[in-house]
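Peer 1: quick one, what's the 3D model for this:
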Amino acid sequence: MEEKPLSYEEAIRRAASAIKRFPLIDIEGVPLMSTIAENWKSVSDFSPDPSDLLIATYPKAGTTWTQEIVDLLLHNGDAELCKRAPTAVRSPFLEICAPPPIPSGLDLLEQMKPPRVIKTHLPIQLVPKGFWENKCKVIYTARNAKDNAVSYFHFDRMNLTQPEPGPWDGYINKFMKGELGWGSWYDHVKGYWRERKEKNILYLLYEDMKENPRKEIERIMYYLDLSVSEDVIERIVQLTSFKVMKDNPMANYSYIPKPVFDQSISVFMRKGEVGDWVNHFTSSQSQMFDEDYAKQMKDVDIPFRFSI
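Peer 2: Okay, the predicted model is just below:
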């Protein structure tokens, strides 16, 4: 009798004992988890179908939120259909690799027929060239630096596959220097911003999505050449609210076991707010960060907002 293939959730449970905080290895100037670096050629050589959609973000910038909005738009707001599998299976994480039997992002993509929705945290210069050669659509979501740093800090505390974050005051410096997984926030947001017109990238801002989700969902719909009714748009606004997504087991990563994501330290969907950074930065840290931010962002005019 043929053995039934493992579900994604079961594969993670079985591999949990092999999980550790993997070190970062430099790939073309960008620190990536060692498991990704060791498989880099396969990632870099990935050839998407022209119909594939790439959702790109710096970690903890609204990735899962964007994935859920896109999935609901593609399925006309059908909430049950969008619970067919966890986010990581519906929209595979291109570069991620983990100990067997956990399938890599590439493994999951091989099992899917185009058009596929693909997630990446890669900065634009590391995105496989095939996405640009095949003129794939790309949605990029960016979040203001201070809230992004806070969210990434709490994520690194609970995600036991990423390097130990250490204390908050030291983490701020690592964030400013780009010494975290996937590198510099500054380089990341600027890279996609500069190429957005030439490469037809839909560039979204997290703060705009919080302030007026309906407007941003409509922007995504038009970009994807879709047409859904006003009622469906309203349903998607409700289904992708932070409260609803936090309670959705197919979107909140609650299926990932404690040796991988220890949600007793910090939950995957923590607050989803704009301006929570004020509860973490001291006035001196904020001043130091602001001075560095002004230097690093002086060559672009991305309209980030630190409160709404």
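
Peer 1: how about the strands in this protein?
Peer 2: 24-27, 30-33, 53-57, 117-120, 137-142, 201-205 (DSSP state E).

Peer 1: now those strands in JSON lines, with distance to Thr63, mean neighbour count and mean pLDDT?
Peer 2: The way it works is simple: take the backbone N, C-alpha and C, and place the C-beta from them, glycine included. Listed next are the strands of the chain as JSON lines, based on distance: least, Cβ to Cβ, whole Å; neighbours: other Cβ atoms under 10 Å; pLDDT from 0 to 100:
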{"stretch": "strand 24-27", "distance to Thr63": "19", "mean neighbour count": "15", "mean pLDDT": "98"}
{"stretch": "strand 30-33", "distance to Thr63": "16", "mean neighbour count": "21", "mean pLDDT": "98"}
{"stretch": "strand 53-57", "distance to Thr63": "4", "mean neighbour count": "25", "mean pLDDT": "98"}
{"stretch": "strand 117-120", "distance to Thr63": "6", "mean neighbour count": "24", "mean pLDDT": "98"}
{"stretch": "strand 137-142", "distance to Thr63": "7", "mean neighbour count": "24", "mean pLDDT": "98"}
{"stretch": "strand 201-205", "distance to Thr63": "11", "mean neighbour count": "20", "mean pLDDT": "98"}
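
Peer 1: closest to the centroid, which residue in the chain?
Peer 2: Nearest to the mean C-alpha position of the chain, counting by Cα atoms, centre = their mean, stands Thr63 at 3.4 Å.

Peer 1: mind listing what that one touches?
Peer 2: By Cβ atoms under 8 Å, 6 or more residues apart in numbering, Thr63 lies in contact with Ile55, Thr57, Lys119, His121, Thr141.

Peer 1: surely the last one and Thr64 touch.
Peer 2: No: with contact defined as Cβ atoms under 8 Å, Thr141 and Thr64 do not form a contacting pair (10.1 Å).

Peer 1: out of the strands of the chain, which gets nearest to Asp262?
Peer 2: In terms of Cβ to Cβ, the element of these nearest to Asp262 is strand 30-33, at 17.3 Å.

Peer 1: strand partners (parallel or antiparallel) of the closest one?
Peer 2: In the sheet, strand 30-33 lines up against strand 24-27 (antiparallel) (DSSP bridges).

Peer 1: centre of the chain to the strand it pairs with, how far?
Peer 2: Mean-position distance between strand 24-27 and its chain equals 19 Å (Cα atoms, centre = their mean, to the nearest Å).

Peer 1: count of neighbours near the residue lying closest to Asp262 once chain neighbours are set aside?
Peer 2: Excluding its sequence neighbours, the residue lying closest to Asp262 (Cβ to Cβ, 6 or more residues apart in numbering) is Met158, at 5.0 Å. Met158 has 20 neighbouring residues, counting by other Cβ atoms under 10 Å.

Peer 1: ok, Met158 to Asn144 distance?
Peer 2: Distance, Met158 to Asn144, using Cβ to Cβ, to the nearest Å: 22 Å.

Peer 1: and Ser284, by the same measure?
Peer 2: 20 Å.

Peer 1: so those two - more neighbours on which side?
Peer 2: Asn144 (23 against 9).

Peer 1: so what's the more buried one up against?
Peer 2: Tyr206, Glu207, Val274, Trp277, Phe304, Arg305, Phe306.

Peer 1: list the contacts of Ser44.
Peer 2: Leu126, Pro128.

Peer 1: so for it, what's the pLDDT?
Peer 2: At Ser44, the pLDDT value in this model is 98.

Peer 1: nothing else from me, thank you.
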